[in-house]
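>>> Could you look at this predicted model? Sequence included:
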Amino acid sequence: MPIRDMTLLQIAQRRRLYYKICRECGARNAPTAEKCRKCRSYNLRWKRREIKR
Ligand SMILES: [Zn+2]
């Protein structure tokens, strides 16, 4: 039984993968960010990869 607590695991994964990536410079931004904090580009994408195991 590898996973004991599914809820805890899901929260941990979300915390780790829940942020935005700038397409221009690749900087990590807060999930609430509208634009990049580094180059001020609005070209952000979600990093929201969920682990399927
Ligand atoms: Zn940027």
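Sure, I can see it. Nothing here was measured: the structure is a model prediction, and the numbers come from that model. Numbering: from 1, shown residues only.
>>> can you give me the strands in this structure?
Counting by DSSP state E, the segments of the chain that form strands are 19-22, 28-29, 44-47.
>>> okay if I get those strands as TSV plus mean neighbour count, distance to the ion and mean pLDDT?
Placement of C-beta: from N, CA and C, glycine included. Putting the strands of the chain into TSV (neighbours: other Cβ atoms under 10 Å; distance: least, Cβ to the ion, whole Å; pLDDT from 0 to 100) gives the following:
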stretch	mean neighbour count	distance to the ion	mean pLDDT
strand 19-22	18	3	93
strand 28-29	16	8	94
strand 44-47	13	8	92
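>>> need those strands in a markdown table with distance to Lys35, can you?
Converted to a markdown table, those look like this (distance: least, Cβ to Cβ, whole Å):
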| stretch | distance to Lys35 |
| --- | --- |
| strand 19-22 | 9 |
| strand 28-29 | 8 |
| strand 44-47 | 7 |
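>>> Gln10: neighbour count?
Other residues within reach of Gln10 by the criterion other Cβ atoms under 10 Å amount to 13.
>>> check contacts around it.
Residues near Gln10 by Cβ atoms under 8 Å, 6 or more residues apart in numbering: none.
>>> so what pLDDT did it get?
At Gln10, the predicted lDDT confidence score is 79.
>>> do the same with Gln13
The predicted structure scores Gln13 at 73 on the pLDDT scale.
>>> Can you give me the distance of it to Arg49?
Going from Gln13 to Arg49 by Cβ to Cβ, to the nearest Å gives 9 Å.
>>> Mind checking which of these two has more residues around it?
A side-by-side neighbour count of Gln13 and Arg49, using other Cβ under 10 Å, places Gln13 first with 15 against 9.
>>> ok, the more buried one to Ala33 distance?
As judged by Cβ to Cβ, Gln13 and Ala33 stand 20 Å apart.
>>> Around the ion, pick out the residues from the protein.
The chain has residues Cys22, Glu24, Cys25, Ala27, Cys36, Lys38, Cys39, Ser41 near the ion, with proximity defined as Cβ under 5 Å from the ion.
>>> quick one: the residue nearest to the third one when sequence neighbours are not counted and Arg4, what's the gap?
Spatially, and ignoring its direct neighbours in sequence, Cys25 is nearest to Cys39 (4.8 Å; Cβ to Cβ, 6 or more residues apart in numbering). The gap separating Cys39 from Arg4 is 42 Å, by Cβ to Cβ.
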